[in-house]
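K.L.:
here is a sequence together with a model predicted from it:
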Amino acid sequence: MQKGDFIRINYTGRIKETGEIFDKGEKIPIVVGEGFVIKGLDEIIQKMNVGESKTEEIPPEKAFGKRLPELVKIIHLSEFRKHNTNPYPGMIIKADNLYGRVLSVSSGRVKIDFNHPLAGKILEYDIEIVEKIEKSEEKVNALVEFFSGEKNPEVKISEKTVKIKLKNKLSEVQKNRISESVKKYLKVEKVLFIEEF
C-alpha cells in the first residue's frame with residue numbers, strides 16, 4: 001500500500017496484557033498514511049497488500065502514547081461543588097478541553113487521570129486489507145462514511161465540483177471535514193451538499 005491509497009480494512013484491537021477487545025471494525029474506509037488510524041497501524045498497513053491479513057503488536061509510543069504521571073491531577077472537592085457536581089470513581093469529566101476519569105474521592109480531594117485510557121498499553125491488532133478503492137465516486141463515499149457514518153450517498157463529480165446528496169443531516173464539523181478531505185484527495189475546488197426535504 002502507498003501513502004494516499006483509499007482502502008477498506010477489517011480489524012480487531014486488543015489490549016495485549018488482558019486480551020480485552022477495545023475496538024473492532026468491518027470494511028472501514030481509510031486513507032493510508034494520513035492519520036485515519038493510529039501511527040503503528042498505519043505503518044503496518046503500508047507493508048501489506050490487498051487480501052492480506054496480519055496480527056501485529058503496537059507499542060504505546062505508536063498507539064496512544066506513554067502514561068504521563070503529570071496528567072494525574074488532584075482537585076479539591078469544593079471545585080466540583082461549585083458546579084453542582086458529585087464526582088465518583090469511574091466518572092468521566094471534561095476540564096480545560098481534556099477528558100479525565102475520576103480515580104478516587106477521599107477527604108475532600110478528587111484524583112483524576114487525564115491520560116488516554118489506553119495510554120501505556122501494548123496493543124495487538126488483527127488487520128486485513130479487504131479492498132482498494134479506485135473510483136472517484138467511491139472515494140467520496142468512503143470519506144463521507146468515515147466522517148459521518150452515512151453509507152452510499154449519491155455522488156456526482158464534474159470537472160472541479162463534487163455534489164453529495166445526503167440522506168441524513170450532518171453537522172457543520174462533519175461537512176467541513178468531508179469537504180476539506182474531498183478537496184485534498186480528489187483535487188477539486190468545490191463541494192456541494194444537497195439535503196432533500
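P.N.:
Yep, it's here.
K.L.:
from now on I want contacts and neighbour counts done on CA atoms only, so please keep to that.
P.N.:
Will do.
K.L.:
so what does the lengthiest helix in the chain touch, helix or strand wise?
P.N.:
If you go by DSSP state H, the chain has its longest helix at helix 172-186. Counting contacts by 3 or more CA pairs under 8 Å, 6 or more residues apart in numbering; DSSP states H and E, helix 172-186 is packed against helix 136-148, strand 190-195.
K.L.:
and these as JSON lines, adding distance to residue 68 and mean pLDDT?
P.N.:
Shown next, in JSON lines, are the helices and strands packed on helix 172-186 (distance: least, CA to CA, whole Å; pLDDT from 0 to 100):
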{"stretch": "helix 136-148", "distance to residue 68": "30", "mean pLDDT": "96"}
{"stretch": "strand 190-195", "distance to residue 68": "41", "mean pLDDT": "93"}
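K.L.:
tell me which element residue 125 falls in.
P.N.:
Following DSSP states H and E, one finds residue 125 within strand 123-133.
K.L.:
got it, and residue 24?
P.N.:
With DSSP H and E as the test, residue 24 turns up in strand 21-31.
K.L.:
quick check: angle from the strand holding residue 125 to helix 136-148?
P.N.:
Put simply, strand 123-133 runs at 150 degrees to helix 136-148, going by axes from the mean of the first three to the mean of the last three CA atoms, to 10 degrees.
K.L.:
okay, buried residues for the longest helix of the chain please.
P.N.:
Buried residues in helix 172-186, counted by 16 or more other CA atoms under 10 Å: 175, 178-179, 181-183, 185-186.
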